[in-house]
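**Student:** Would you be able to build a 3D model of this:
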Amino acid sequence: MRIGVAATPDVAIPTLNWLLQSEHVIDLIITQPDRPAGRGRLLQQSAVSDWAETKQIAVLKPEESQELIGKIEHLDLVLTIGYGVLLPLNVLVLPKFGFLNLHFSLLPAYRGAAPAQRALLNGDTMTGVSVFQLEKGMDTGPIFAQETLEIKPSWRSFELLRHLADLGPSVVQRSLEMIKNGESPKAQAGAVSIAAKIEKAEARLDFSKDLTHISNAVRAFTYEPGAWTLWRGEPFKICSTGKANSSMGTPGEVSLVDKSVFVSCGNGSLEILRVVPAGKKEMDAIDWARGARLNVGEVLG
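**Tutor:** The predicted structure is shown next:
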């Protein structure tokens, strides 16, 4: 089949690499336009655009979806992976078999922009991937194939996304075989939940909440947008946490216990392993604490 791929982030790359070696042809890459990034706000193209450039595959960067009209009618289908644009029905019907989406949850759970992050925030132990037919609703279309994945307790969102991305080739392959064999997808069944986009304000840590919530929040928000708080009035990110301690203090209070850094939460203290202080690179929390010369009773928040 002649396939277009509409994708933006690097989680699409395992599936792109598989498609490139498969019997199918990647005819076109569709990705979001270059955006300002970094402190210098220089224009930067997407990870998928970088990939397509190295493979010498044609790339479209439409500012709006209607620009796809006249560009994709010759394709058998378009596969979307984290494209980040809700496509209208008049575009979805243009390829022969329409649009498929590789989604990082077991639909109908976690429909929306941040399924992996929401699963971690909720403390889920299982998730997976789904390939489904795109239709007018948000992630509501019938499902071709799914595969489950156990979430390891140490995984943060970027690690979970990497493992989910690695499942992409197998479920996409099964889905394309179903289409080739004339098999129809099945309607979604089960409890519906929504995975709204993570905003920076939501990623601010509230240390009055319990240990589990804080730990899950750090896992969910690392590295994007980053689990953050304030330290001496400056932004401060926590990238990794460790064991719990029963000792209590004022929520957000930082202390050293046996050469480890702990922060007090609503029901005990949580070890902090890795941090990003304002204007600095990621470092071990103990190295930060030694340099910060902590005063008794100082708090994060």
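**Student:** Report the contact partners of the closest residue to residue 82 other than its chain neighbours.
**Tutor:** Once flanking residues are discounted, residue 82 sits nearest to residue 9: 4.6 Å by C-beta to C-beta, 6 or more residues apart in numbering. All C-beta spots, glycine's among them, are computed from the backbone N, C-alpha and C. Going by C-beta atoms under 8 Å, 6 or more residues apart in numbering, residue 9 touches 46-48, 81-82.
**Student:** And residue 9, how close does it get to residue 142?
**Tutor:** For residue 9, the distance to residue 142 equals 25 Å [C-beta to C-beta, to the nearest Å].
**Student:** again with residue 253
**Tutor:** Applying C-beta to C-beta to residue 253 and residue 142 gives a distance of 52 Å.
**Student:** what pairs with the lowest-mean-pLDDT helix or strand in the chain, and is each one parallel or antiparallel?
**Tutor:** The weakest-scoring helix or strand in the chain, judged by mean pLDDT, DSSP states H and E, is strand 35-37 (a mean of 80). Looking at strand 35-37 with DSSP bridges, its partner strands are strand 42-44 (antiparallel).
**Student:** What's the mean pLDDT across the partner strand?
**Tutor:** What strand 42-44 shows for mean pLDDT is 85.
**Student:** thinking again about what came up before, now the least confident helix or strand of the chain, how far from the centre of its chain.
**Tutor:** Taking C-alpha atoms, centre = their mean, to the nearest Å, the mean C-alpha location of strand 35-37 is offset from the chain mean by 19 Å.
**Student:** What are the boundaries of the helices in this structure?
**Tutor:** Secondary structure of the chain (DSSP state H): helices at 13-21, 47-55, 89-92, 115-121, 157-180, 211-221, 285-292.
**Student:** The residue lying closest to residue 52 once chain neighbours are set aside: what's it in contact with?
**Tutor:** Nearest residue to residue 52 in three dimensions, chain neighbours excluded: residue 29, at 4.1 Å (C-beta to C-beta, 6+ apart). Contacts of residue 29 were listed using C-beta under 8 Å, 6+ apart, and they are 4-7, 48-49, 51-52, 57-60.
**Student:** same thing but at 6 Å, please
**Tutor:** The neighbourhood of residue 29, defined by C-beta atoms under 6 Å, 6 or more residues apart in numbering, consists of 5, 52, 57, 59.
**Student:** What confidence value was assigned to the closest residue to residue 166 other than its chain neighbours?
**Tutor:** Leaving out its chain neighbours, the residue that sits closest to residue 166 by C-beta to C-beta, 6+ apart is residue 14, at 5.4 Å. pLDDT recorded at residue 14 is 98.
**Student:** Likewise for the one 10 residues further on?
**Tutor:** Reading off the per-residue confidence, residue 24 sits at a pLDDT of 98.
**Student:** Would you mind measuring from the residue nearest to residue 234 when sequence neighbours are not counted to residue 292?
**Tutor:** Using C-beta to C-beta, 6+ apart and skipping residues adjacent in sequence, the residue nearest residue 234 is residue 278, 3.7 Å away. Distance from residue 278 to residue 292, counting by C-beta to C-beta: 11 Å.
**Student:** for residue 269, same thing?
**Tutor:** Distance from residue 269 to residue 292, by C-beta to C-beta: 18 Å.
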